[in-house]
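Novice: have a look at this fold, sequence not included:
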């Protein structure tokens, strides 16, 4: 049954919303952002900041939009003189003790206090310069969180996250009145596996990440929509880059996958994207040593090997490789040789699971494999040990971005990757590829959801996306035309494999769609 709708008017715009919708959310459908600090859609309503005051016809007093449900026939005015005057007064109180830290504050440029002061605040202050502002020293809350109490506006988002979502109540509001501050339990630290979310939730620069401290200003950052590679959950994230270096990972909201949060493991798992020891040119073996060459020469060497090979071909691939790269690698070896027997497998790295208690079906998963489900849908198996055994007698072994190569093979080794491990120096050909921050592509999470990620920075040197490399190799072997973009590569996947049938980059958007028949991996 469809949700029962109620009709109301917000700033002269009629809207219809499901019964029970809060006025602050209904206003978004009218294109109106009601100023707020304590409210967050992923947290219980507190109604403490009083910044979202609006006028509702036939009600004697102003109402807070974050705790008022939309009702049939309701008329809401967010810009009436009474509502604007009340919000201006709230801001004046909030700024009484707030320091002028904007030039040195990490939050500057993405600070809700700055934004709403510009939008709603007074033209000048009535605060006397003779009266000193409150001062408290900076506190170390945990492994990655600093607390600057001078900037705190006591919205309590951090307290409610730890109490109701993380369900580890180590924060509280200590003292009262103008002496109040956020306190941490004297015998605890803010070291929960999801504690970093309090930094994202803070609307001002009061809770700071030590990892990002003074790295960049907000206006210097380029942002790209991506998918976390930390585990098989597939949390949606934003990669922030400065001068083509990833400097920060933040959650990107997706109600079907991670709502508004990411774990600290995924948040900190980005430094490998900036490694300086990358393969920057194709390498071919001459005289027992690898030498740099161009792509055409490298492709000719690979096609010569494949045309002359017979017997077994083994592909050892990484579950961090894109769906598109895994597909074209599969097609290359399934159809690229005469009488070749193809085997493909990926290695699963396991770790501890860390659920977020307040959000159902959200956790740092034990399987550290962002595209393990996608690899399975493409025919790659989890029997990595068996594939290693088969590789010892294979005619050709392909290693796709798998740094741990535990066997030396009698056949020809082709290594396709981002960095060059020691054992890959035995390869006949080495082909450099982009990592997840340097290409467009898709992953399939543990629930079978196909999700796009976007390029955040350029690949170094001559490195190219994996799908491009294998597509060009297939074309060199006479197996169809190469593809020119990740969208075209995914279209080829969707045309060939039933689980992806009917999907496209346009349909996926940046929230994803379920693959057909791709059931969730058992917990």
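Specialist: All right, it came through fine. Everything numeric here is computed off the predicted structure, so don't read it as measured data. Residues are numbered from 1 along each chain as shown.

Novice: secondary structure class for the spatially most central residue of the chain?
Specialist: Geometric centre of the chain, nearest residue: residue 237, 1.5 Å, by C-alpha atoms, centre = their mean. The three-state assignment at residue 237 reads strand, by DSSP: H, G, I helix; E, B strand; the rest coil.

Novice: begin at 130 from here
Specialist: Yes, from this point I'll number from 130; that puts the last item at residue 366.

Novice: what is it paired to in the beta sheet?
Specialist: residue 355, residue 380 (DSSP bridges).

Novice: distance of it relative to residue 354?
Specialist: Counting by C-beta to C-beta, to the nearest Å, the gap from residue 366 to residue 354 is 8 Å. Where C-beta positions appear, they are placed from N, C-alpha and C, glycine not excepted.

Novice: for the stretch 430-579 of the chain, what spans make up the strands?
Specialist: 440-446, 469-475, 483-484, 492-493, 525-529, 541-546, 558-561, 570-573, 578-582 (DSSP state E, counting those that start in this stretch).

Novice: contact partners of the fifth one?
Specialist: Right, the one you point to is strand 525-529. Residues outside strand 525-529 that contact it (C-beta atoms under 8 Å, 6 or more residues apart in numbering) are 434-435, 438, 442-447, 450, 454-455, 458, 462, 466, 469, 520, 534, 538, 540-546, 553, 556, 595.

Novice: got phi/psi on the residue located most distally from the centre of the chain?
Specialist: Farthest-out residue of the chain from its mean C-alpha position, per C-alpha atoms, centre = their mean: residue 259, at 46.8 Å. Note on residue 259: backbone dihedrals following degrees, to the nearest 10 are phi -80, psi -10.

Novice: mind putting the strands of the stretch 430-579 of the chain into a markdown table with mean neighbour count and mean pLDDT?
Specialist: Below are the strands of the stretch 430-579 of the chain laid out as a markdown table (neighbours: other C-beta atoms under 10 Å; pLDDT from 0 to 100):
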| stretch | mean neighbour count | mean pLDDT |
| --- | --- | --- |
| strand 440-446 | 24 | 91 |
| strand 469-475 | 20 | 89 |
| strand 483-484 | 16 | 98 |
| strand 492-493 | 22 | 98 |
| strand 525-529 | 26 | 94 |
| strand 541-546 | 26 | 95 |
| strand 558-561 | 26 | 98 |
| strand 570-573 | 27 | 98 |
| strand 578-582 | 25 | 98 |
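
Novice: same list, those strands, but as TSV with distance to residue 316 please.
Specialist: Shown next, in TSV, are these (distance: least, C-beta to C-beta, whole Å):
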stretch	distance to residue 316
strand 440-446	47
strand 469-475	43
strand 483-484	21
strand 492-493	25
strand 525-529	48
strand 541-546	47
strand 558-561	51
strand 570-573	40
strand 578-582	40
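
Novice: residue 251: which of those is closest?
Specialist: Among the strands of the stretch 430-579 of the chain, strand 578-582 comes nearest to residue 251, with 43.6 Å by C-beta to C-beta.

Novice: could you say what helices and strands the closest one packs with?
Specialist: Secondary-structure packing of strand 578-582 (3 or more C-beta pairs under 8 Å, 6 or more residues apart in numbering; DSSP states H and E): strand 351-356, strand 570-573, helix 634-637, strand 642-643.

Novice: run a quick neighbour tally on residue 269.
Specialist: Neighbour count of residue 269, defined by other C-beta atoms under 10 Å: 12.

Novice: how close does the residue lying closest to it once chain neighbours are set aside get to residue 301?
Specialist: Nearest non-adjacent residue to residue 269, counting by C-beta to C-beta, 6 or more residues apart in numbering: residue 275, 6.2 Å away. With distances taken as C-beta to C-beta, residue 275 is found 18 Å from residue 301.

Novice: neighbour-wise, which of the two wins?
Specialist: Set residue 275 next to residue 301 and count neighbours by other C-beta under 10 Å: residue 275 wins out with 17 against 14.

Novice: next secondary structure after the helix or strand harbouring the more buried one?
Specialist: In this structure, residue 275 is located in strand 274-276 according to DSSP states H and E. Later in the chain than strand 274-276, the nearest helix or strand by DSSP H and E is helix 286-289.

Novice: for that following helix, packing partners?
Specialist: For helix 286-289, the packing partners by 3+ C-beta pairs under 8 Å, 6+ apart come out as strand 300-303, helix 326-330.

Novice: against residue 354, how distant is the residue nearest to residue 578 when sequence neighbours are not counted?
Specialist: Closest residue in space to residue 578, ignoring its immediate chain neighbours: residue 641 at 4.7 Å, by C-beta to C-beta, 6+ apart. In this structure, residue 641 and residue 354 are 11 Å apart, going by C-beta to C-beta.

Novice: ok, these two, which is more surrounded?
Specialist: Remark: of residue 641 and residue 354, residue 641 carries more neighbours, 24 against 17, as counted by other C-beta under 10 Å.

Novice: hang on, residue 471 packs against residue 444?
Specialist: Yes. Counting by C-beta atoms under 8 Å, residue 444 is a contact partner of residue 471 at 7.2 Å.

Novice: between these two, which contacts overlap?
Specialist: 459, 462.

Novice: quick one, helices of the protein?
Specialist: 152-158, 210-224, 241-249, 286-289, 326-330, 393-397, 424-437, 452-464, 501-506, 513-520, 595-605, 615-625, 634-637 (DSSP state H).

Novice: could you dump the ones you listed to TSV with distance to residue 480?
Specialist: Output for these, formatted as TSV (distance: least, C-beta to C-beta, whole Å):
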stretch	distance to residue 480
helix 152-158	37
helix 210-224	42
helix 241-249	35
helix 286-289	27
helix 326-330	20
helix 393-397	8
helix 424-437	35
helix 452-464	22
helix 501-506	13
helix 513-520	16
helix 595-605	25
helix 615-625	29
helix 634-637	28
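
Novice: out of these, which is the most enclosed?
Specialist: Sort these by mean neighbour count, taking mean count of other C-beta atoms under 10 Å, and helix 501-506 sits at the top with a mean of 26.

Novice: who's in contact with it?
Specialist: With C-beta under 8 Å, 6+ apart, helix 501-506 has contacts from 361, 446, 448, 450, 452, 455, 473, 475, 477, 498, 511, 571-577, 579, 626, 628-629, 644, 647, 650.

Novice: point out where the stretch 130-279 of the chain drops to low pLDDT.
Specialist: 130-131 (pLDDT under 70).

Novice: how about low-confidence regions in the stretch 480-629 of the chain?
Specialist: Residue ranges of the stretch 480-629 of the chain with pLDDT under 70: 536.

Novice: go again using 80 as the cut-off
Specialist: Across the stretch 480-629 of the chain, the ranges flagged by pLDDT under 80 are 533-537, 539.

Novice: residue 560 is in contact with residue 427, isn't it?
Specialist: Yes. Assessed by C-beta under 8 Å, residue 560 is found in contact with residue 427 at 6.1 Å.

Novice: intersection of neighbour lists for these two?
Specialist: Counting by C-beta under 8 Å, 6+ apart, the residues touching both residue 560 and residue 427 are residue 411.

Novice: and for residue 366 and residue 354, which residues touch both?
Specialist: Residues touching both residue 366 and residue 354 (C-beta under 8 Å, 6+ apart) are residue 381.

Novice: quick one: the residue nearest to residue 578 and residue 347, what's the gap?
Specialist: From residue 641 to residue 347 the distance is 27 Å (C-beta to C-beta).

Novice: repeat that for residue 364.
Specialist: Residue 364 sits 22 Å away from residue 347, taking C-beta to C-beta as the criterion.

Novice: looking at the two, which is more packed in?
Specialist: Shown here are residue 364 and residue 347; by other C-beta under 10 Å, residue 364 has more neighbours (27 against 13).

Novice: quick one: residues contacting the spatially closest residue to residue 282 that is not a sequence neighbour.
Specialist: Spatial nearest neighbour of residue 282, excluding adjacent residues (C-beta to C-beta, 6+ apart): residue 223 at 5.2 Å. Residue 223 sits next to 166, 180, 242, 282 when contact means C-beta under 8 Å, 6+ apart.
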